[in-house]
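Q: requesting a structural model of the entry that follows:
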Amino acid sequence: MSVKNVRSAIETFLSTSDPQVLCISGAWGTGKTFNWKSTVRALRDKPGAIALNEYAYVSLFGLNSIAEVKTQILQSMVVRAQIGDTPDLTTFSNMLSTAESGLKKGIVKSVTGVLGTRGEALVSAMGFLTNRMIICLDDFERKGEKLRASDVMGLMTYLKEERSCKIVLLLNDSQLEDRKTYDSYLEKVVDIHLRFEPTAEEIGFIALPDDDELSKMVRERAMFLGISNVRVIRKVHGLVKGLAPLLKDYAPIVTENAVSTVVLMGWSYFEPEVGPDLEYLKRANTYDSDKEDTDLDLKWRDLLRGYRFGHADKFDLSLLRGSSAVISSPAN
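A: Below is the predicted model of the structure:
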């Protein structure tokens with residue numbers, strides 16, 4: 001689904017208080033998390049757009065137990081008006097001061113009075129506090145090894161059915177180790193499944209929404225090449241920003257050519273399993289009609305010609321060496 005269609009589905013999901021589980025899956029780096037966060041953040045001040053008053057966003061990355069997941073949910077809770085803000089003492093205080101959470105404040109005092117302020121107290125309070133709220137669980141495929149998928153699915157089911165919560169699961173399904181098992185779990189738990197597949201143009205604007213000259217140049221070239229990874233585009237943009245001041249005294253065409261080279265070779269460097277092989281780019285000559293075509297020539301020649309890349313000259317190779325040095329430096 002396109003960005004527009006996924007956002008429309010998210011808006012529909014958030015507009016009701018019906019307990020449901022929404023799963024948004026897609027390839028790594030396509031902007032699933034950004035799209036979710038930007039959509040829900042934009043809706044927070046729109047009257048009636050988000051039916052429930054409380055929200056939590058949790059990354060499962062590295063978490064090894066359900067107790068850790070529960071603690072992260074509690075520590076991340078904010079009220080609707082502060083969705084997108086970094087959780088802190090202020091957001092927690094605001095969450096407890098809302099009318100809907102008046103009873104929760106007493107529960108927290110009671111539980112912590114008996115158990116203290118240890119993590120166990122927070123986990124014990126979980127069942128009381130997580131009621132009628134939106135909970136987003138991200139990075140499912142990067143959870144800790146000791147956290148079982150079945151336990152996560154069980155928690156999601158409990159929160160939906162017993163605590164009337166709306167659950168959002170964000171995952172890169174291409175990195176799931178046992179796809180068949182996960183599909184079985186998801187089929188039983190998930191009510192709505194959206195496949196996030198933005199176009200290269202949409203990904204370009206997710207990665208670089210600004211319209212300054214360098215951003216436009218990188219975005220246009222990334223779109224032409226079909227780069228579908230937000231992180232890769234942003235990394236390449238960072239290299240271009242570092243390079244541009246060094247070329248300011250040259251003709252504009254020099255900067256334009258440099259950007260073209262850095263985007264192409266940066267794509268090859270950062271995403272070698274998708275882009276053209278870097279060694280191939282170093283030696284390729286897309287206009288040499290005398291040599292026999294290789295499989296790589298047949299795969300990449302038309303795209304590279306359209307990109308106006310004939311062969312890597314000394315300038316291109318110098319840019320590659322400089323970019324590689326920047327990438328491998330301790331500061332990066």
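
Q: hey, where'd the strands end up in the stretch 1-150 of the chain?
A: Using DSSP state E, counting those that start in this stretch, the strands of the stretch 1-150 of the chain run over residues 21-25, 54-59, 78-79, 133-138.

Q: once you drop chain neighbours, what's closest to Thr16?
A: Nearest residue to Thr16, sequence neighbours excluded (Cβ to Cβ, 6 or more residues apart in numbering): Ala51, at 5.4 Å. Where you see a C-beta, it was placed from the backbone N, CA and C, and this is true even at glycine.

Q: now do the contacts for the one you found.
A: 14-17 (Cβ atoms under 8 Å, 6 or more residues apart in numbering).

Q: was I right to think Lys291 contacts Arg283?
A: No: in this structure, Lys291 is not within contact of Arg283 by Cβ atoms under 8 Å, at 10.7 Å.

Q: the closest residue to Asp138 other than its chain neighbours: which element?
A: Distance criterion Cβ to Cβ, 6+ apart; nearest residue to Asp138, sequence neighbours excluded, is Leu170 at 4.4 Å. Using DSSP states H and E, Leu170 maps to strand 166-171.

Q: which residues sit against the helix or strand following that strand?
A: Per DSSP H and E, the first helix or strand lying C-terminal to strand 166-171 is helix 179-189. Helix 179-189 has contacts (Cβ under 8 Å, 6+ apart) with 21, 23, 149-150, 153, 156-157, 173, 176, 193.

Q: out of the residues you listed, who's the most crowded?
A: Scoring those on neighbours with other Cβ atoms under 10 Å, the highest-scoring entry is Val21 at 24 neighbours.

Q: on that earlier part again, now the residue nearest to Thr16: how far from Glu161?
A: 18 Å (Cβ to Cβ, to the nearest Å).

Q: pLDDT-wise, which helix or strand of the protein ranks last?
A: Within the chain, no helix or strand scores below helix 102-115, which has a mean of 48 by mean pLDDT, DSSP states H and E.

Q: isn't the residue nearest to Asp138 up against Lys32?
A: Yes: between Leu170 and Lys32 a contact is recorded at 5.2 Å, counting by Cβ under 8 Å.

Q: spit out the residues that contact these two alike.
A: Common neighbours of Leu170 and Lys32, counting by Cβ under 8 Å, 6+ apart, are 24-25.

Q: ok, which stretches of the stretch 151-300 of the chain are helices?
A: Counting by DSSP state H, counting those that start in this stretch, the segments of the stretch 151-300 of the chain that form helices are 179-189, 200-207, 213-225, 230-243, 252-270, 278-283, 295-306.

Q: residues touching the longest one, excluding its own?
A: Contact partners of helix 252-270, identified using Cβ under 8 Å, 6+ apart, comprise 214, 217-218, 221-222, 225, 227, 229, 231-232, 235-236, 239-240, 243-244, 247-248, 274-278, 281, 304, 307-309, 315-316, 319-320, 323-324, 327.

Q: which among these count as buried?
A: 214, 217-218, 221-222, 225, 227, 229, 232, 235-236, 239-240, 243, 275-276, 278, 281, 304, 307, 309, 316, 319-320, 323 (16 or more other Cβ atoms under 10 Å).

Q: and the gap between the residue nearest to Asp138 and Val40?
A: Counting by Cβ to Cβ, the gap from Leu170 to Val40 is 12 Å.

Q: and for Met1?
A: 17 Å.

Q: of those two, which one has the most company?
A: Taking neighbours as other Cβ under 10 Å, Met1 and Val40 compare with Val40 leading, 24 against 15.

Q: ok, for that one, nearest residue in space, not its chain neighbours?
A: Looking at Val40 with Cβ to Cβ, 6+ apart, the closest residue is Ile83, at 5.6 Å.

Q: residue contacts, that neighbour?
A: Going by Cβ under 8 Å, 6+ apart, Ile83 touches 40-41, 44, 50, 55.

Q: what's the distance between it and Ser25?
A: For Ile83, the distance to Ser25 - Cβ to Cβ - is 22 Å.

Q: likewise for Thr33?
A: In terms of Cβ to Cβ, Thr33 sits 12 Å off from Ser25.

Q: the more surrounded of those two?
A: Ser25 (21 against 16).

Q: okay, and the beta partners of the more buried one?
A: Beta-bridge pairing of Ser25 under DSSP bridges involves Leu171, Arg195.

Q: what does Cys136 give?
A: Per DSSP bridges, the residues bridged to Cys136 are Tyr57, Val168.
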